[in-house]
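> heads up, no residue letters with this:
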């Protein structure tokens, strides 16, 4: 998706000054620092296409979030990560790998 199309859409639902401010703010961060998204098993199982679409929109704006799988269902983290990365286009949604959460265990 072209950044110009996405920016126009954002301007249609909000003030242009707000869109410019937040895009400038988010783009000034390291790409990996933009956001962390925890994809639940339910999202991966039932709404993966819309999830990929949202990632493509962010990518079109030059924003790359970190995606975490298994945060809510740690035993399924590996399969969730595989499903997330397998359906994402390499040029339009550069999700190469995701972080798999591990349950915390006190020592």
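Arrived safely. Here the structure is a predicted model, which means the values were calculated and not measured. Numbering: from 1, shown residues only.

> Which strand residues bridge residue 67?
Beta-bridge pairing of residue 67 under DSSP bridges involves residue 37.

> ok, so what distance separates it from residue 26?
Distance, residue 67 to residue 26, by C-beta to C-beta, to the nearest Å: 16 Å. In short, each C-beta sits where N, CA and C put it, glycine included.

> Skip the chain neighbours and tell me the closest residue to residue 19.
residue 10 (4.6 Å; C-beta to C-beta, 6 or more residues apart in numbering).

> tell me what whichever strand or helix holds that neighbour is packed against?
Here residue 10, judged by DSSP states H and E, is contained in helix 3-13. Contact partners of helix 3-13 among helices and strands, from 3 or more C-beta pairs under 8 Å, 6 or more residues apart in numbering; DSSP states H and E: helix 16-27, helix 48-60.

> buried residues in the longest one?
So that's helix 48-60. Of all the residues in helix 48-60, those buried under the rule 16 or more other C-beta atoms under 10 Å are 48, 51-52, 55-60.

> quick one: which of residue 67 and residue 26 has more around it?
residue 67 (21 against 17; other C-beta atoms under 10 Å).

> mind checking pLDDT for the more buried one?
You'll see residue 67 listed with a pLDDT of 84.

> how close does the closest residue to residue 5 other than its chain neighbours get to residue 76?
Spatial nearest neighbour of residue 5, excluding adjacent residues (C-beta to C-beta, 6+ apart): residue 60 at 7.8 Å. The spacing between residue 60 and residue 76, counted by C-beta to C-beta, is 29 Å.

> Also residue 59?
For residue 59 relative to residue 76 (C-beta to C-beta), the value is 25 Å.

> Among the buried residues of helix 48-60, which one sits closest to residue 35?
Nearest to residue 35 among the buried residues of helix 48-60, counting by C-beta to C-beta, is residue 58 at 8.0 Å.
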